[in-house]
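Colleague: need a 3D model of the following:
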Amino acid sequence: MRLKMAVQAAENDAIVVEDEQLNDSLGSVGLISPDKEDLARLLTVPFSGRIRGGMRPGKKIIVMGIVDLEPDSFDVSLTCGRDKDKEEVAYDVALKLTARFSDRQFLRSARVAGKWTEAEASTAYFPFIPDQPFRVEIHCEHQRFRIFVDGHQLFDFYHKVKSLASIDTVRIDGDLQITKLG
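Modeller: The predicted structure follows:
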């Protein structure tokens, strides 16, 4: 039931969940309405989904999930370039959030023209707990992303990628289960 709600939320909020085999079986890449058997595959980690129309002020991305029981880290990234999945192509990363459990850091950085910015690390507290659910909201504003975890504003990250509409992909990887995207 959770997965069905997650897919419905993703459809409603225009994050397109993609799976190459499903896309091929439907004949074209687009919004997928999977059968129940396919639901579990759609929110598996690593995850990559399209942000239809790219980012813009007023748009927000919501990631809900459960941290693994013994996590090392997980990442949530907003990137540019849907077709650049291979690492040899250094696509721009507008925002990379990394929850690192070894030293309880919630880092953020960006990659522009192949170069990573220095990671920003200061937060009032580390909001993630192993084996517990969480909700990350990334609000896009004119000058910055504003990041909330479980309803608490944690920090701002000023735009390094200036063309917000080119930010067209959300990528999630690491020690978590995704329960809902929006």
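
Colleague: partners of residue 111 in the sheet?
Modeller: In this structure, residue 111 bridges to residue 93, residue 116 when assessed by DSSP bridges.

Colleague: got the contact list for it?
Modeller: Applying CB atoms under 8 Å, 6 or more residues apart in numbering, we find residue 111 in contact with 90-93, 96, 117. The way it works is simple: take the backbone N, C-alpha and C, and place the C-beta from them, glycine included.

Colleague: which two among the residues you listed are spaced furthest apart?
Modeller: 91 and 117 (14.9 Å; CB to CB).

Colleague: and the two? which has more neighbours close in?
Modeller: When neighbours are counted by other CB atoms under 10 Å, residue 91 and residue 117 differ, and residue 91 comes out ahead with 19 against 14.

Colleague: thinking again about what came up before, and of the contacts of residue 111, the nearest to residue 150?
Modeller: For those, the nearest to residue 150 is residue 96 (20.1 Å; CB to CB).

Colleague: quick check, pLDDT for that closest one.
Modeller: On the pLDDT scale, residue 96 is placed at 97.

Colleague: using PDB, list the CA coordinates for stretch 145-161.
Modeller: C-alpha atoms of stretch 145-161 as PDB (Å, rounded to 0.1, in the frame of the first residue of the first chain):
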ATOM      1  CA  PHE A 145      17.500  25.800  -1.900                       C
ATOM      2  CA  ARG A 146      16.000  25.700   1.600                       C
ATOM      3  CA  ILE A 147      16.300  22.300   3.200                       C
ATOM      4  CA  PHE A 148      13.900  21.000   5.800                       C
ATOM      5  CA  VAL A 149      14.100  17.600   7.600                       C
ATOM      6  CA  ASP A 150      11.000  16.400   9.500                       C
ATOM      7  CA  GLY A 151       9.500  19.900   9.300                       C
ATOM      8  CA  HIS A 152      12.500  21.700  10.700                       C
ATOM      9  CA  GLN A 153      14.500  24.100   8.500                       C
ATOM     10  CA  LEU A 154      18.100  23.000   8.700                       C
ATOM     11  CA  PHE A 155      20.000  25.200   6.200                       C
ATOM     12  CA  ASP A 156      20.100  27.100   3.000                       C
ATOM     13  CA  PHE A 157      22.200  26.200   0.000                       C
ATOM     14  CA  TYR A 158      22.800  29.100  -2.500                       C
ATOM     15  CA  HIS A 159      22.500  28.100  -6.200                       C
ATOM     16  CA  LYS A 160      25.700  27.200  -7.900                       C
ATOM     17  CA  VAL A 161      23.900  26.000 -11.000                       C
END
